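Novice: Provided below are the primary sequence and the corresponding predicted coordinates.
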Amino acid sequence: MIARSGSTLWAILPILLVLIACTGCRSAQNLQPNLIVILADDLGYGDLAMLGNSDVRTPHLDRMAQQSVRLDTFYAMPVCAPTRAALLTGRDFLRTGVWGVHGGRDYLNLAETTIAQRLHQAGYRTAMLGKWHLGKTSGYLPHERGFDRAWTITDRLYQQTEPVLNHNGRAYQPEGWTAEILTDLAIRELTRHDDQRPVFLYLAHPLIHEPFYAPRQLIDRYLAEGHSESLAALYAMTEHLDQEVGRLLEAVDRLDSERETIVIFLGDNGPIGNPMNLPHLTDAEMARRNPRNWKGNKGHVWENGARVACFVYAPRRFPPRVDRRPAGVIDLAPTLLEWAGAAAPDAQFDGVSLATRISQPDLPVRDRHFFIATHDAMWPARRSLYDRLPSKKDLAFEDQVLAVRYGRFKYVQGYGGFALHDLDHDPGEQSDASSRFPKERQQLEKALHAWYRGVLASDASYAMPVFQITGEPQVTEYAYACAPSDLVGTLRRGSHATHDWRPGDAQSLTLDVTRAGTYQIGIEAHIEEPGHTMELRVRASSLKHSLSRVFSQTLGELNLEMGVQEVRVSLSEETEDKEAVIMRELQRVTFRRVTTD
């Protein structure tokens, strides 16, 4: 009997092992999945080998695409901060307080709820690594917007080595290549064993944004193949990105038996070829990055400006395939929430969840509108990109560069006119089909106009940020001069400062002081003519200071009350030469609470 029982046991042992393994698989499947979003910067649709670029080596991303549900008609926005705002909120970026890049136009309104906040409430631990670009002052940083832990690139966005990271409010500068540092941190977060909650990981690479800079051995390989220094450096950056995505996927594959992981990879906008450190790419070189000959580049609402690669990688859950039905970056937040099993009854998403569509290939999908806008708002008196917008009433619909896709048709407005494109027959948007489809053109223009009216009605649209002054002990807080609520005189507004201050010039910034007290107030500025008087006024209190050539200088102390208020900075008119440039640029006003409780 013992022998027979032993024989029986050995006979059924393989079956038991399979059952145990399957039970393990089911338990891993039943857990909330880990969720990872990898965002590449300035990676065009045609920058990957398997998507048509025969010059570059991207084996890991090619494998990922082949093992993914590839969303092949996927729309981001034409530039980076708008895409990031839409990704993290599931809403059209113009409703979120973000309406461009730099100049105060890239601050995610504090009333917005991010996907990190929603997933945190659903039981996830959340981590963000890399380029944030949705606000770089108190209250706006990722560790204050739902991410438990963040290693954020804020001020020096495109430092490809030795990055200065903001780690939950503290500076951290590791050595090495930025992409490799971010991958190491991501793997460390993914493989933590001290916290058994599922993880939401948002990894935003600065690659392949300019400057074009990559490991020398990679560049040399492309130079040896006959490419220019600029194109060789760009391809080397792309291959470097591929290597780092491959390292993270290896970690994902090792852990997938413990808890299923869903990875989304996408680009943030179309390609650009104008590096600051090397000669610009030629038209022929840019064409090599655009094998489908789509129209436009980064910044344009045409296909090559806004259509990007998007892969959903979870081979055990989703059989690989290509899905060519349109989808967009606004759909990712509701999709992630559904995968997490989290309800969001308060959410006002403009996107829809793709979760069912991804898991059910034959699911019918209704056509819907996809709206695309640029970072380049237009009004009659505008002189340059960063001019201050006097009022949203100055924004006429017909002056804006906008587009909408519905089904096979795409209506593009701007660039000196309008056009309707039949993308089934004209994917390169080379011809206007308005005369053949007047009804469709009229319907899409009407839908686009109604959408834009709704955008303008939002309190957050086309607004400057309100700078939070929290009065945290031993912390210096900032209000950036490039985001004025008002300008007086002839000073010029730029992407990171206000420029060419003359006697009598002034500007205001909006503050929200959350802790009253005495604050030491200073400026960071390049002074051309020292000895002139600057006045800073908040409500009824003011202080005056004689300017020196020192870049960072203290003006004095003021008592600040709680609440939203304006700080006004002005130059006195105590000079005969009213055209003299006294201050070449004002970068920011600094606040440090000195009251002791």
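Specialist: Nice, thanks for sending it over. Numbering: from 1, shown residues only.

Novice: so where does the residue nearest the centre of the chain fall, helix or strand?
Specialist: Taking C-alpha atoms, centre = their mean, the centroid of the chain lies closest to R84, which sits 2.8 Å from it. Taking DSSP states H and E as the definition, one finds R84 inside helix 80-89.

Novice: Can you pull out the residues in contact with the following helix or strand past that helix?
Specialist: As assigned by DSSP H and E, the chain's next helix or strand after helix 80-89 is helix 115-121. Helix 115-121 is contacted by residues 35, 87-90, 126, 128, 142, 145-148, 200, 202, 332-333, 336-337, 340, 342, 344, 347 when judged by C-beta atoms under 8 Å, 6 or more residues apart in numbering. Any C-beta I mention is one placed from the backbone N, CA and C, and that applies to glycine too.

Novice: can you rerun that using 10 Å?
Specialist: 32, 35, 37, 87-90, 113-114, 124-128, 142-143, 145-148, 150, 197-200, 202, 332-337, 339-340, 342-344, 346-347 (C-beta atoms under 10 Å, 6 or more residues apart in numbering).

Novice: Is it possible to mark the buried ones in those residues?
Specialist: 32, 35, 37, 87-90, 113-114, 124-128, 142-143, 145-148, 150, 197-200, 202, 332-337, 339-340, 342, 344, 347 (16 or more other C-beta atoms under 10 Å).

Novice: any idea whether the nearest residue to L31 once chain neighbours are set aside is helix, strand or coil?
Specialist: Computed as C-beta to C-beta, 6 or more residues apart in numbering, the closest residue to L31 that is not its neighbour in sequence is R259, at 5.2 Å. Recorded secondary structure, R259: coil (DSSP: H, G, I helix; E, B strand; the rest coil).

Novice: so R259 touches V199, yeah?
Specialist: Yes - between R259 and V199 there is a contact at 8.7 Å, judged by C-beta atoms under 10 Å.

Novice: Pull up the overlap in contacts between these two.
Specialist: With C-beta under 10 Å, 6+ apart, R259 and V199 have common neighbours 32-34, 190.

Novice: can you tell me which of those residues lies nearest to L509?
Specialist: L190 (40.0 Å; C-beta to C-beta).

Novice: one step back: mind listing which of the buried ones among the contacts of helix 115-121 are in strands?
Specialist: Mapping those onto strands (DSSP state E) picks out 35, 37, 125-128, 150, 199-200, 202.

Novice: Can I get the residues you listed in TSV including pLDDT and distance to A287?
Specialist: Listed next are these as TSV, based on pLDDT from 0 to 100; distance: C-beta to C-beta, whole Å:
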residue	pLDDT	distance to A287
L35	98	37
V37	98	30
R125	97	45
T126	98	41
A127	98	39
M128	98	35
A150	97	39
V199	97	41
F200	98	38
Y202	98	33
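
Novice: In a markdown table, list these along with distance to Q565.
Specialist: Converted to a markdown table, these look like this (distance: C-beta to C-beta, whole Å):
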| residue | distance to Q565 |
| --- | --- |
| L35 | 40 |
| V37 | 37 |
| R125 | 37 |
| T126 | 33 |
| A127 | 35 |
| M128 | 31 |
| A150 | 29 |
| V199 | 40 |
| F200 | 36 |
| Y202 | 34 |
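
Novice: give the contact list for G305.
Specialist: 44, 76-79, 269-272, 294-299, 372, 374, 403.

Novice: if we go to 6 Å?
Specialist: Neighbour list for G305: 78, 270, 296-299 [criterion: C-beta atoms under 6 Å, 6 or more residues apart in numbering].

Novice: just these now: which is nearest A306?
Specialist: Closest to A306, out of all of these and judged by C-beta to C-beta, is P78, at 5.1 Å.

Novice: wait, what's in contact with that closest one?
Specialist: 269, 299-301, 305-306, 374.

Novice: what would the residues you listed look like in JSON lines with secondary structure?
Specialist: Formatted as JSON lines, the contacts of P78 follow (three-state DSSP):
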{"residue": "N269", "secondary structure": "coil"}
{"residue": "G299", "secondary structure": "coil"}
{"residue": "H300", "secondary structure": "coil"}
{"residue": "V301", "secondary structure": "coil"}
{"residue": "G305", "secondary structure": "helix"}
{"residue": "A306", "secondary structure": "helix"}
{"residue": "T374", "secondary structure": "coil"}
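
Novice: Closest to L558 out of these?
Specialist: Closest to L558, out of all of the contacts of P78 and judged by C-beta to C-beta, is T374, at 39.7 Å.

Novice: what about that closest one, distance to Y45?
Specialist: Distance of T374 to Y45, computed by C-beta to C-beta, to the nearest Å: 18 Å.

Novice: what do you get for V263?
Specialist: In terms of C-beta to C-beta, V263 sits 19 Å off from Y45.

Novice: neighbour-wise, which of these two wins?
Specialist: Neighbour totals were compared for V263 and Y45, and Y45 leads with 25 against 22 (other C-beta atoms under 10 Å).
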